[in-house]
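Got a sequence here, can you build the structure:
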Amino acid sequence: MISLWAPDGVGEVRPGDDLADHLVPLLVGDAELRDGDVVCVTSKVVSKAEGRAEAGARADAIERETRRLVARRGPLSIVVNRLGLTMAAAGVDASNVEAGHVLLLPLDPDATARRLRRALAARCGANVGVLVTDTAGRPWREGQTDLAIGAAGVRVLDDHAGRSDPYGNTLAVTAPAVADELAGAAELAAGKLGRRPFVVVRGRGDVVLDPDDDGPGAAALLRAVGADLFGLGAREAVLTALRGVEGVRPVFGAPVDVDELLGVLASVAAPTLPTMSAAAGSVVVTTDDARVRWTCQVAAYAHGWRVSDTDASRIRLVPAAP
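From the prediction side, this is the model:
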């Protein structure tokens, strides 16, 4: 059985506060921490304790926290922030802070989780896991849910590859994001407006690591550049390929093989079919139609290939460097 509770009575968190001082006095009786519990804490109170509130315009803070634009629709920007998280507005928050101020995400949520885990072990004598949580939207789905942006002492991903289901089928890609599932459950227990920034989860001691093992942290849940099939928005992917920007090329992933590239080029060049040949790891497209050459060049970029040389009737394509 899994149980969750969010203690009431947490006071205003201020810069320099020890989060354990806010939580531990509320854990009495059956609520005292036990081995195998997971403590979830919202990034908002972590940021407040770490002095991450600052005066100024939200737009300026978003720009500083952004590392790469993923998609923009009107005033909404989805970006990769300095933590590698893909979030709206880089995770910069303007709610529940003094007017004219914004709240930035913690500098290092995994490090914060490790410090809090050690503090709780010292104060309570229990081996617990700790998650720092934040709210994010999701592709294809309305609404938001919480996910883990920091973790210590928790197996954040439960890889089922190689296991068998009840019917004897071997699993290949099933890997529940346990840390995110616990974070979402914690948000459900705390409520969005309840001023209960801590949630204790009991009943999943199987994902809590040994006291001397903090695990890889929530950073392990981030996909590598190019491994995410949705590293750019639909409009942004088209514009990026048309511009052929070298610094953004890795977002499109590793170069496809020659046969796949030839199929792609044939599809985009139709109905005018150029002469295409492949040899020594390169593909040569020969045509007098400048539009077809340009189209093939753009398609090649989006599939991890680049132009090595060109003239008035042909382009030579080779795999781009990783």
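
Kindly state the domain boundaries assigned to the protein.
For the chain, automatic domain parsing gives the domain ranges 3-52+106-221, 234-319.

Check those for me and report the most buried one.
Of all these, domain 3-52+106-221 carries the top mean neighbour count, a mean of 18, counting by mean count of other CB atoms under 10 Å. Glycine gets a C-beta too; all of them are placed from N, C-alpha and C.

Residue nearest the middle of this structure, spatially speaking?
L85 (3.9 Å; CA atoms, centre = their mean).

was I right about that one contacting L222?
Yes. Using CB atoms under 8 Å, L85 is in contact with L222, at 7.2 Å.

Now do the same for the longest helix belonging to the chain: mean pLDDT, whole number.
Counting residues, the longest helix found in the chain (DSSP state H) is helix 109-124. In this model, helix 109-124 has a mean pLDDT of 97.

Can we start the residue count at 12 from this point?
Got it, the first residue is 12 from now on, which makes the last one we talked about helix 120-135.

Tell me the helices and strands packed up against the helix or strand following that helix.
Scanning forward in sequence from helix 120-135 by DSSP states H and E, the next helix or strand is strand 140-149. With contacts taken as 3 or more CB pairs under 8 Å, 6 or more residues apart in numbering; DSSP states H and E, strand 140-149 sits against strand 49-53, helix 54-60, strand 97-99, helix 120-135, strand 152-163, helix 189-201.

could you dump these to TSV with distance to V24?
Formatted as TSV, those follow (distance: least, CB to CB, whole Å):
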stretch	distance to V24
strand 49-53	10
helix 54-60	4
strand 97-99	22
helix 120-135	13
strand 152-163	16
helix 189-201	15
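
For A110, which of those is the nearest?
Closest to A110 of those, according to CB to CB: helix 54-60, at 15.5 Å.

And the closest one, how far out from the chain middle?
19 Å (CA atoms, centre = their mean, to the nearest Å).

Indicate each strand paired with the very next helix or strand once past that helix and its parallel or antiparallel sense.
Scanning forward in sequence from helix 54-60 by DSSP H and E, the next helix or strand is strand 64-66. Using DSSP bridges, strand 64-66 pairs in its sheet with strand 112-114 (antiparallel).

Go through the strand it pairs with and flag the buried ones.
Residues of strand 112-114 classed as buried by neighbour count (16 or more other CB atoms under 10 Å): V113, L114.

Find the nearest non-adjacent residue to V90, please.
Spatial nearest neighbour of V90, excluding adjacent residues (CB to CB, 6 or more residues apart in numbering): T77 at 4.4 Å.
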